[in-house]
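Chemist: sharing a sequence plus its predicted fold:
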Amino acid sequence: MKEFKMKKLVMSVFVIASSFSVVAADDFATLDTDGNGSISKDEAMQNVSLVHQFADLDVDNSGELSKEEFSKFKAS
């Protein structure tokens, strides 16, 4: 019985931690997974809303979002 409760607790913690990573995928540093200072289309896939707005936000048509371009997403 104790072992079952421990497994249930571990799984609950895992689920909660996973949900935080989904929520956290809306700040620049989290989305910029390779740390190059911009967000590529592939990196943007972590956030559905960002994917839908990517082309509009990418004003210089570089295929990546700078911090400045991304800041407009944060404001919307």
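Modeler: Yep, that arrived. Every value quoted in this text rests on a predicted model; they were computed, and no experiment measured them.
Chemist: helix or strand right after the lowest-mean-pLDDT helix or strand in the chain?
Modeler: One helix or strand of the chain scores below all others by mean pLDDT, DSSP states H and E: helix 2-24, with a mean of 52. Per DSSP states H and E, the first helix or strand lying C-terminal to helix 2-24 is helix 28-31.
Chemist: what does that following helix contact?
Modeler: 24-25, 39, 43-44, 46-47, 50, 67, 70 (Cβ atoms under 8 Å, 6 or more residues apart in numbering). C-beta here means a position set from N, CA and C on the backbone, and glycine is covered the same way.
Chemist: same thing but 6 Å
Modeler: Under the contact criterion Cβ atoms under 6 Å, 6 or more residues apart in numbering, helix 28-31 has outside partners 24, 39, 43, 46, 67, 70.
Chemist: including secondary structure and distance to F54, could the residues you listed go into JSON lines?
Modeler: What follows is the contacts of helix 28-31, written out as JSON lines (DSSP: H, G, I helix; E, B strand; the rest coil; distance: Cβ to Cβ, whole Å):
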{"residue": "A24", "secondary structure": "helix", "distance to F54": "19"}
{"residue": "I39", "secondary structure": "strand", "distance to F54": "9"}
{"residue": "E43", "secondary structure": "helix", "distance to F54": "10"}
{"residue": "Q46", "secondary structure": "coil", "distance to F54": "12"}
{"residue": "K67", "secondary structure": "helix", "distance to F54": "15"}
{"residue": "F70", "secondary structure": "helix", "distance to F54": "10"}
